[in-house]
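In: Structure, please.
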Amino acid sequence: MSGFPSFEVIPAVDVQDGEVVQLVGGERGTGKRYGDPVEAARRWIEAGAETLHLVDLDGAFEGERVNADAIEAVVESVPDEIGLQLGGGIRAAEGARELLDLGLDRVILGTAAVETPEIVAEIDETHPGSVVVSLDAKDGEVVVSGWTEGTGLDPAEAAARYEELGAGAILFTNVDVEGQLEGIDREAVESVVDAVDIPVIASGGVAAIDDVVALKEAGAAAVVVGTALYEGKFTLREAQRAADGV
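Out: Numbers count the residues shown, from 1 in each chain. Below is the predicted model of the structure:
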């Protein structure tokens, strides 16, 4: 389940205080609320989603899983054939394995992968291809701890390093354009795609269907879309159809 047979548009279900929220530029407190996570998940599945992208936003900032109950409710409500990937607050291999055994297909590691890279190989041993390493870039460098700390790492170089450690995919988020509906940074995505052979999932800044198509053309295997879908800029089916037509 680590790969994407064809390009996918993946809806984001970001959870804060038990509710769906979309942040602007990764800034805490900027979120607009969109209701119950289980209802959001059901709505996206009915709209044709094949995979859901779950994020425990409080977990990303706090360094531990905060919205476990809300996330588990989503996992239990989703049919087995729907792919599920979760990020936010996963800091240990043991916790990641428990989540994968619970029914998740992929776990997303950001801060943990940067601080203890060997965790990727540890999880890959028991659950091959299930680790997605999240590389969040701000001003051209990888940032961690809820986008607050710079690491000095180049995203493309970091992506290649994690592929060697066993990552099944890279989630590349351009924080500079996250949640702002102002468009994507195609060149940044292309540089990461060119550095690895594993799938690259792009995220951040998608404002229009043209952005989705551009990311597919840049070589991304999938794109995570949040704000644009919640705000009705386009529908999931419209975006998937446009991408399939390229």
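In: Now Glu125: closest residue in space, sequence neighbours ignored.
Out: Gly166 (7.9 Å; CB to CB, 6 or more residues apart in numbering). Quick note: C-beta positions are derived from backbone N, CA and C, even for glycine.
In: Okay, now the unreliable bits of this protein?
Out: 1-3, 24-30, 63-64, 145-148, 176-182, 246 (pLDDT under 70).
In: try 50 this time
Out: Residues of the chain meeting the criterion pLDDT under 50: 1-2.
In: all helices for it, in order.
Out: Secondary structure of the chain, counting by DSSP state H: helices at 37-46, 57-62, 68-77, 93-102, 111-115, 118-126, 155-165, 186-195, 209-217, 227-230, 236-244.
In: and of those, who's closest to Val144?
Out: helix 111-115 (4.3 Å; CB to CB).
In: returning to what we had before: could you dump the helices of the chain into JSON lines with distance to Ser6 and mean neighbour count added?
Out: As requested, the helices of the chain are arranged in JSON lines below (distance: least, CB to CB, whole Å; neighbours: other CB atoms under 10 Å):
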{"stretch": "helix 37-46", "distance to Ser6": "18", "mean neighbour count": "18"}
{"stretch": "helix 57-62", "distance to Ser6": "29", "mean neighbour count": "22"}
{"stretch": "helix 68-77", "distance to Ser6": "24", "mean neighbour count": "17"}
{"stretch": "helix 93-102", "distance to Ser6": "24", "mean neighbour count": "17"}
{"stretch": "helix 111-115", "distance to Ser6": "27", "mean neighbour count": "21"}
{"stretch": "helix 118-126", "distance to Ser6": "24", "mean neighbour count": "18"}
{"stretch": "helix 155-165", "distance to Ser6": "21", "mean neighbour count": "19"}
{"stretch": "helix 186-195", "distance to Ser6": "16", "mean neighbour count": "19"}
{"stretch": "helix 209-217", "distance to Ser6": "10", "mean neighbour count": "21"}
{"stretch": "helix 227-230", "distance to Ser6": "19", "mean neighbour count": "22"}
{"stretch": "helix 236-244", "distance to Ser6": "7", "mean neighbour count": "17"}
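In: so which of those gets nearest Gly18?
Out: So among the helices of the chain, helix 68-77 is nearest, using CB to CB, at 4.7 Å.
In: How far off centre is that closest one?
Out: In terms of CA atoms, centre = their mean, to the nearest Å, the centre of helix 68-77 is found 17 Å from the chain centre.
In: still on that earlier bit, cross-check the contact I'm expecting between the residue nearest to Glu125 and Ile119.
Out: No. Gly166 is not in contact with Ile119 according to CB atoms under 8 Å; the separation is 10.2 Å.
In: How much space separates Thr126 from Arg97?
Out: As for Thr126, its distance to Arg97 is 6 Å (criterion: CB to CB, to the nearest Å).
In: Without its sequence neighbours, what residue ends up closest to Asp14?
Out: Val55 (4.4 Å).
In: and the one you found, how many neighbours?
Out: 27 (other CB atoms under 10 Å).
In: For it, name its beta-bridge partners.
Out: Asp14, Gly87 (DSSP bridges).
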